[in-house]
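S.K.: test case, fold it:
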Amino acid sequence: QVRLVESGGGSVQAGGSLKLSCVASGYTYRPSCMAWFRQPPGKERERVALRTADGRKSYSDSVEGRFTISQDNSQNSLYLQMSSLAPEDTGMYFCAAGRNIVGLNCAFDNWGPGTQVTVSS
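M.R.: The predicted structure follows:
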């Protein structure tokens with residue numbers, strides 16, 4: 001059974017940094033696409049960073065230059081290094097895995113339970 005588990009969330013002051021981790025288990029193949037989403041309080045879930053299995057990456061405009069998505073050599077862990085955090089980065093962060101359809105469009109069918117990130121001013 002496929003399982004994604006996030007960790008690394010917490011509370012930090014504005015300007016600080018956090019690194020989120022997502023461990024994937026139960027896969028018999030490597031997902032062709034993995035991503036980080038977040039859901040701010042009272043708002044819809046949004047994708048913040050995506051990485052395809054061949055190393056292509058994309059970021060939302062709101063995190064470009066501040067967040068970095070990466071994957072370890074064993075390909076079973078996904079990371080999100082977050083720097084220069086601001087209060088508007090507060091939210092539940094989710095790891096997702098799925099398949100790359102075309103370009104940087106992906107369909108996600110597995111999600112983790114999320115890890116909370118709170119940034120205070």
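
S.K.: C-alpha from now on. contacts and neighbour counts both.
M.R.: Noted.

S.K.: any chance you could map the strands in this protein?
M.R.: 3-7, 10-13, 18-25, 33-39, 46-52, 57-59, 67-71, 77-82, 91-102, 105-111, 115-120 (DSSP state E).

S.K.: now, of these, which is deepest in the fold?
M.R.: Highest mean neighbour count among the strands of the chain (mean count of other C-alpha atoms under 10 Å): strand 33-39, with a mean of 24.

S.K.: thinking again about what came up before, in a markdown table: the strands of the chain, plus mean pLDDT.
M.R.: Shown next, in a markdown table, are those (pLDDT from 0 to 100):
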| stretch | mean pLDDT |
| --- | --- |
| strand 3-7 | 97 |
| strand 10-13 | 98 |
| strand 18-25 | 96 |
| strand 33-39 | 97 |
| strand 46-52 | 97 |
| strand 57-59 | 97 |
| strand 67-71 | 97 |
| strand 77-82 | 97 |
| strand 91-102 | 95 |
| strand 105-111 | 95 |
| strand 115-120 | 98 |
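
S.K.: which non-adjacent residue is nearest the spatially most central residue of the chain?
M.R.: Nearest to the geometric centre of the chain sits residue 36, at 2.0 Å (C-alpha atoms, centre = their mean). Using C-alpha to C-alpha, 6 or more residues apart in numbering and skipping the chain neighbours, the partner closest in space to residue 36 is residue 95 (4.7 Å).

S.K.: from what I see, the one you found and residue 108 are in contact.
M.R.: No. Applying C-alpha atoms under 8 Å as the test, residue 95 and residue 108 come out as separate, 9.9 Å apart.
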